[in-house]
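>>> Got a predicted model here, sequence first, then my questions.
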Amino acid sequence: MFTNRFLFIRRLPTSIIVWRHNLINPITQISTSHSQELYNWNVAMTQSNKRKTPKNTLALFDKLITQHPDITPDFITYLLALSACIRLGNLDEGKRIHEYIRQRWSTTVEKNEEIKIHTCLVQLYATCGDLKTAEEIFYKEHLNQHAIPVNTLMKGYVINNRADLAVQLAERLPKNERNIVTFVLWANAIAQIGDIQMADRIHRELNTLSSSIRAFFAHDRRLINALIDMDGKCGNVIRMEETFKNMKQPDVISYTAMAKAYIVNNLPVKALAVYDHLKHTNQIGCDEVIYLVASNAAGKLGLLYHARSIHNDIISSGIPYETNEKILNTLMDTYGKCGDLNSAREIFDQLKIKSKPSISSMINIYGINSHALEAVALFYETKNNLSGNIQSILLSVLTACAHGGLIKEAQKIFDDIPNDKRTVKMWNAL
């Protein structure tokens, strides 16, 4: 029932690096803590995390430290509590537990246990956007020579749009410490930057590995998919296609990465070809991303037949798209680019919450299809319900007026914009 593994890093399809906790070995746990009671608490917290109920995990931790002062938590207890904070994205709770750990830190803690605790803290702060504290812990505890802590901070940099720092971290990590996750995150970071020279460099680094390691890496779809995505976003379509052809068993993520890259590189025909292949081989399932990519491609090409076909495919897939704002906005935009204003407006009216991007998109659709009066009407229809920054909506309606020659309407809208909110693009549209 129990396994020896407790803690490891796993990459999910979303590229999020998370801590996963398995049940702990009872013999190891008891001999370490000399406490059957603590072992029972740790098992309960482990089970709670596995059931994806992090709030319950934290409730157990609080109950342990407040109602059982005779039981001293160990590093496993702390890891479980911190992991619950990470899953919740609750930095305040994480800080409280961090302070509790700091006050009770034992000098007898083994080095590998210390590294795990500090790595978990790095992940907590980085995931929650506090990169400064994450870096302070990382460098103070000299974690920069170990792959797992480095990977953890790299992921934090990527999700906080500091891919440049992630690349620097990967390049400084000793070559013999780099693992597959390091290269995956490295590729993710370069994809975010879009630098083709950086992409060339990571390929060179991979080629310097021993033949056995290269062979092992070649079978890892996470890495290959990351390289496909990276090369596509960096504009090296030829190498991206070569990498894809060499894959043993490409999956829907591989095909989707290819299709997205074709869109980025203005090759919508190829993107639709990828979609058609997946459709005819029954590989799409409920992967909404490929539908979004295909719809985008149809819109770029102005192919109304394909737009309707993809829309029907989404309906048939069983995806609850009626409540999915991303899908509805994409379909609305696609129909608009294909000139089907009625379908675009029907989808817009389906939106339960009409967000600023949705309103801006619908106004823009009217504008590019020479229906400036409808664009202005929609602007006034929604204006009173808007607050905060509406610059994108103002720009869309002014541009629509420009397309339709509605000079007076544009001037009236522009005059109502406060001087400090008028942008260069608005002046140009006027």
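Everything's here; your move. Residues are numbered from 1 along each chain as shown.

>>> For residue 369, grab phi and psi.
phi -100, psi 20 (degrees, to the nearest 10).

>>> Can you give me the distance of it to residue 156?
If you measure residue 369 against residue 156 using Cβ to Cβ, to the nearest Å, the figure is 44 Å. To be clear about C-beta, it is placed using only N, CA and C from the backbone, and glycine gets the same treatment.

>>> These two: which has the busier surroundings?
Neighbours of residue 369 and residue 156, each counted by other Cβ atoms under 10 Å, are more numerous for residue 156; the result is 27 against 19.

>>> Next one: the more buried one relative to residue 133, how far apart?
Counting by Cβ to Cβ, the separation of residue 156 from residue 133 is 11 Å.

>>> shared neighbours, those two?
Residues touching both residue 156 and residue 133 (Cβ atoms under 8 Å, 6 or more residues apart in numbering): residue 125.

>>> Which parts of the stretch 151-300 of the chain are helices?
If you assign secondary structure with DSSP state H, counting those that start in this stretch, the helices in the stretch 151-300 of the chain sit at 163-172, 180-193, 196-207, 211-218, 221-233, 237-245, 252-264, 268-280, 288-301.

>>> now for the top helix by length along the chain, which elements pack on it?
Of all segments of type helix in the chain, defined using DSSP state H, the longest is helix 111-127. Helices and strands touching helix 111-127, by 3 or more Cβ pairs under 8 Å, 6 or more residues apart in numbering; DSSP states H and E, are strand 17-21, helix 75-88, helix 91-103, helix 131-140, helix 147-159.

>>> how about the helices of the stretch 151-300 of the chain, which one is nearest residue 365?
For residue 365, the closest of the helices of the stretch 151-300 of the chain is helix 288-301, at 10.4 Å, according to Cβ to Cβ.

>>> For the closest one, what is the distance to the chain centroid?
Helix 288-301 has its average C-alpha position 19 Å from the chain's average C-alpha position, going by Cα atoms, centre = their mean, to the nearest Å.

>>> Show me what counts as buried in that helix.
Of the residues in helix 288-301, those with enough neighbours to count as buried (16 or more other Cβ atoms under 10 Å) are 288-301.

>>> List the contacts of that helix.
Contacting residues not belonging to helix 288-301 are listed as 252, 255-256, 259-260, 262-263, 266, 268-269, 271-272, 274-275, 278, 284, 304, 306-307, 310-311, 313-314, 317, 319, 321, 324, 326-327, 330-331, 333-338 [Cβ under 8 Å, 6+ apart].

>>> can you list contacts of the helix or strand where residue 360 lies?
For residue 360, the element it lies in under DSSP states H and E is helix 356-368. Applying Cβ under 8 Å, 6+ apart, the external contacts of helix 356-368 come out as 325, 328-329, 332-333, 335-337, 341, 344-345, 348, 351, 372, 374-375, 378-379, 382, 386, 389-390, 392-393, 395-397, 399-401, 403-404.

>>> Would you write a PyMOL line that selects the buried entries of these?
Only the buried members of the contacts of helix 356-368 end up in this PyMOL selection, burial being decided by 16+ other Cβ under 10 Å:
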select buried, resi 328+329+332+333+335+336+337+341+344+345+348+351+372+374+375+378+379+382+390+392+393+395+396+397+399+400+401+403+404
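
>>> thinking again about what came up before, which of the helices of the stretch 151-300 of the chain comes out lowest on mean pLDDT?
Lowest mean pLDDT within the helices of the stretch 151-300 of the chain: helix 211-218, a mean of 88.

>>> ok, back up a step: in the longest helix of the chain, what counts as buried?
113, 115-127.

>>> any low-confidence regions in the protein?
Across the chain, the ranges flagged by pLDDT under 70 are 1-34, 106-108, 388, 426, 429-430.

>>> per the record, what domains does it have?
Listed by automatic domain parsing, the domain ranges of the chain are 1-160, 175-250, 262-353, 357-430.

>>> distance between the shortest one and the chain's centre?
The chain centroid and the centroid of domain 357-430 are separated by 31 Å under Cα atoms, centre = their mean.

>>> before we move on, what about the third one?
With Cα atoms, centre = their mean as the basis, the distance from the averaged C-alpha position of domain 262-353 to the chain average is 21 Å.

>>> And for the second one?
Its chain's average C-alpha position is 19 Å from that of domain 175-250, according to Cα atoms, centre = their mean.

>>> what about it, how long is it end to end?
Using Cα to Cα, to the nearest Å, the span of domain 175-250 from its first residue to its last is 28 Å.

>>> Now render the helices of the stretch 151-300 of the chain as TSV, adding distance to residue 423.
Conversion of the helices of the stretch 151-300 of the chain to TSV gives the following (distance: least, Cβ to Cβ, whole Å):
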stretch	distance to residue 423
helix 163-172	28
helix 180-193	26
helix 196-207	32
helix 211-218	47
helix 221-233	28
helix 237-245	35
helix 252-264	27
helix 268-280	30
helix 288-301	26
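
>>> Can you check which of these gets nearest to residue 427?
When the helices of the stretch 151-300 of the chain are ranked by proximity to residue 427, the top entry is helix 288-301, at 28.9 Å, counting by Cβ to Cβ.

>>> what's the angle from the closest one to helix 252-264?
If you take axes from the mean of the first three to the mean of the last three Cα atoms, to 10 degrees, helix 288-301 sits at 20 degrees to helix 252-264.

>>> how about helix 288-301 as PDB, C-alpha atoms only?
The C-alpha atoms that make up helix 288-301 are tabulated as PDB, following Å, rounded to 0.1, in the frame of the first residue of the first chain:
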ATOM      1  CA  GLU A 288     -10.200  22.800 -26.600                       C
ATOM      2  CA  VAL A 289      -6.800  24.300 -27.600                       C
ATOM      3  CA  ILE A 290      -6.700  22.700 -31.100                       C
ATOM      4  CA  TYR A 291     -10.300  23.900 -31.800                       C
ATOM      5  CA  LEU A 292      -9.200  27.400 -30.900                       C
ATOM      6  CA  VAL A 293      -6.200  27.200 -33.200                       C
ATOM      7  CA  ALA A 294      -8.200  25.800 -36.000                       C
ATOM      8  CA  SER A 295     -10.900  28.500 -35.600                       C
ATOM      9  CA  ASN A 296      -8.100  31.100 -35.600                       C
ATOM     10  CA  ALA A 297      -6.700  29.700 -38.900                       C
ATOM     11  CA  ALA A 298     -10.200  29.700 -40.500                       C
ATOM     12  CA  GLY A 299     -10.600  33.300 -39.500                       C
ATOM     13  CA  LYS A 300      -7.200  34.300 -40.900                       C
ATOM     14  CA  LEU A 301      -8.200  32.700 -44.200                       C
END
